[in-house]
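K.L.:
Any chance you could fold what I've pasted below:
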Amino acid sequence: MDLAWTSKRCRSEATRYYREAGQTPKPEGVWRETAACPPGSPLSADFETVRLSISPDPRQAMMETWLRSLPPQMDLRLDTLQPASSDASFRRYFRLQAANGTAIVMDAPPPHEDVRPFLHAGDLLRQAGLNVPAVLAQAPEQGLLLLSDLGSETYYQRIQAGLDDASLQTLYREALAALVRMQQASTAGLPVYDSARLAAELELFPEWYVQRHQGATLTNRQAEDLRGIFRLLSESCATRTPVYVHRDFHSPNLMVCDQARFGPNPGILDFQDALAGPLTYDLASLVTDARTTWEEPQQLDWAIRYWEMARSAGLPVEPDFAEFHRAYEWMSLQRNLRILGVFARLNHRDGKSGYLAHMPRVNRYVRQVAGRYGAFAPLLRLLDQLDQTEPTVGYTF
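P.N.:
Residues are numbered from 1 along each chain as shown. The predicted structure follows:
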């Protein structure tokens, strides 16, 4: 594969990758100037294809050596190894042909990544009857896993490709049913998602979104107001009856499994950060998806359906939907303030500018909640100042 990185940005990310992996960055003259990264595409998406093509790639060489050592009956065809996807971490994924169709290789390089939480969290989901990748082979000390393939299309990709409303509703009702089942899974061995952790996550918003991304300095009054809001959110969102929390239960991590060989829909990915925490968290992730805009009527429809299913399953939801609605909206505010900080950090620290495209959507989700409740009026004023937006008049509770 002969790919060129002609922009300084591409070279910068490649240099960062090699240095963080403890390797010597490629000299400038090594880059072939025969093609450019596709215009308008997120750098991180193209980066995986380019990274695979760079020679030598010690991680790829280690991966191929390990794959060759696996039982021959797996019939792994290394010549078909291709990038499958990547995420905001150091993990990357590859797909290759195998005896029973295709398989996925996870490359999670130590010390940046640890596959053991993925293995443990996946076991808990599997025991609960959910469709997660089967572990076909593992080498945790090398950060390598061979997994079953749950298909090539995520919910996000299916939505972006276009689908009718009936199909969309079917996919999401199946996701809601999976969520209710997931929240009945064991939380044994999972870290606790408590008020201290919720509060710590919120600090990403002033540090990375307000100060670094917006270039603003908070006044003493604004900083005090934010501290009060963060305390209110972290204390109200914490729970005495924790459930299994995926933490990113949204369209990019749900696979469309519409063929029997992939198992029941949806397939669930990216659960390595699972915690034992608030029941409202993953619903907030799903209905205020950072990658896909859902208007409030659709959010409410799915929230009501979830609430009814959760009550029937005996999960500890509020008996009155109005109370539950406030609870998951406040949870969504905590999550989306954190995401604004995370996306800003991914851009400014890690050079992953593709996440900037999702910031306006997340900002709207934050405003949706901040504008509804009087307790968050100072936050709304701050957002108006940062966005240079005229304040609007409306009802609050």
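
K.L.:
use CA for all of it now, contacts and neighbours both
P.N.:
Fine.

K.L.:
Can you tell me the element T80 falls in?
P.N.:
Under the criterion of DSSP states H and E, T80 resides in strand 77-86.

K.L.:
just how off-centre is that strand within its chain?
P.N.:
Here strand 77-86 is found 22 Å from its chain centre; the criterion is Cα atoms, centre = their mean, to the nearest Å.

K.L.:
Who are the packing partners of that strand?
P.N.:
Packing partners of strand 77-86 (3 or more Cα pairs under 8 Å, 6 or more residues apart in numbering; DSSP states H and E): helix 43-53, strand 92-98.

K.L.:
Just the buried residues of the shortest one, please?
P.N.:
It refers to strand 92-98. 92-98 (16 or more other Cα atoms under 10 Å).

K.L.:
got a markdown table for those, with pLDDT too?
P.N.:
Listed next are the buried residues of strand 92-98 as a markdown table, based on pLDDT from 0 to 100:
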| residue | pLDDT |
| --- | --- |
| R92 | 93 |
| Y93 | 95 |
| F94 | 96 |
| R95 | 97 |
| L96 | 97 |
| Q97 | 97 |
| A98 | 96 |
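
K.L.:
So which of these is the closest to S85?
P.N.:
Proximity of those to S85 (Cα to Cα) peaks at Y93, which lies at 5.3 Å.

K.L.:
quick one: contacts for that closest one?
P.N.:
Applying Cα atoms under 8 Å, 6 or more residues apart in numbering to Y93 gives the contacts 83-86, 104-107.

K.L.:
again, 6 Å this time
P.N.:
With contact set as Cα atoms under 6 Å, 6 or more residues apart in numbering, Y93 has these partners: 84-85, 105-106.

K.L.:
who's in contact with F324?
P.N.:
E318.

K.L.:
rerun at 7 Å
P.N.:
Contact partners of F324, counting by Cα atoms under 7 Å, 6 or more residues apart in numbering, are 317-318.

K.L.:
got the buried residues for the helix or strand encompassing it?
P.N.:
Assessed by DSSP H and E, F324 sits inside helix 321-348. When neighbours are counted by 16+ other Cα under 10 Å, the buried residues of helix 321-348 are found to be 324-325, 327-347.

K.L.:
gap between A313 and Y155?
P.N.:
25 Å (Cα to Cα, to the nearest Å).

K.L.:
okay, the two: which has more neighbours?
P.N.:
Ranked by neighbour count (other Cα atoms under 10 Å), A313 and Y155 place Y155 first, with 23 against 13.

K.L.:
Now for the closest residue in space to that one that isn't next to it in sequence: which residues touch it?
P.N.:
Setting aside the residues directly before and after it, Y155 is nearest to S251 in space (Cα to Cα, 6 or more residues apart in numbering), at 4.8 Å. If a contact means Cα under 7 Å, 6+ apart, then S251 has 154-156 as its contacts.

K.L.:
Inside helices: which ones of the residues you listed?
P.N.:
155-156 (DSSP state H).

K.L.:
from the contacts of S251, which is closest to R305?
P.N.:
Nearest member of the contacts of S251 to R305, counting by Cα to Cα, is Y155, at 18.9 Å.

K.L.:
Quickly note the distance from the closest residue to E203 other than its chain neighbours to P297.
P.N.:
Spatial nearest neighbour of E203, excluding adjacent residues (Cα to Cα, 6+ apart): R338 at 7.7 Å. For R338, the distance to P297 equals 24 Å [Cα to Cα].

K.L.:
swap in R311?
P.N.:
From R311 over to P297 (counting by Cα to Cα), the distance is 21 Å.

K.L.:
neighbour count winner among these two?
P.N.:
R311 (14 against 9).

K.L.:
and that one, helix, strand or coil?
P.N.:
The three-state label given to R311 by DSSP: H, G, I helix; E, B strand; the rest coil is helix.

K.L.:
got the contact list for it?
P.N.:
V317.

K.L.:
try R126
P.N.:
Contacts of R126 (Cα under 7 Å, 6+ apart): V132.

K.L.:
Tell me if it really is in a strand.
P.N.:
No: under three-state DSSP, R126 sits outside any strand and is assigned helix.

K.L.:
That one and F271, how far apart?
P.N.:
12 Å.

K.L.:
before we move on, what about V180?
P.N.:
Counting by Cα to Cα, the gap from V180 to F271 is 16 Å.

K.L.:
Could you pull up the residues touching N336?
P.N.:
Contacts of N336 by Cα under 7 Å, 6+ apart are 362, 366.

K.L.:
Apologies, that question was intended for S285.
P.N.:
If you count contacts by Cα under 7 Å, 6+ apart, then S285 has 248-250 around it.

K.L.:
Show me the helices in the stretch 51-200 of the chain, by range?
P.N.:
Per DSSP state H, counting those that start in this stretch, the stretch 51-200 of the chain carries helices over the ranges 58-69, 116-127, 155-161, 165-182, 195-202.

K.L.:
Number of residues surrounding the residue lying closest to M74 once chain neighbours are set aside?
P.N.:
Take M74 and drop its neighbours on the chain: the residue closest to it by Cα to Cα, 6+ apart is A99, 5.4 Å away. A99 has 12 neighbouring residues, counting by other Cα under 10 Å.

K.L.:
Wait, A99 touches R77, no?
P.N.:
No: between A99 and R77 there is no contact under Cα atoms under 7 Å: 8.8 Å.

K.L.:
rewinding a little: give me the pLDDT for the residue nearest to M74.
P.N.:
On the pLDDT scale, A99 is placed at 93.

K.L.:
what's the answer for F90, then?
P.N.:
86.

K.L.:
quick one, phi psi at it?
P.N.:
Dihedral pair for F90: phi -90, psi -10, per degrees, to the nearest 10.
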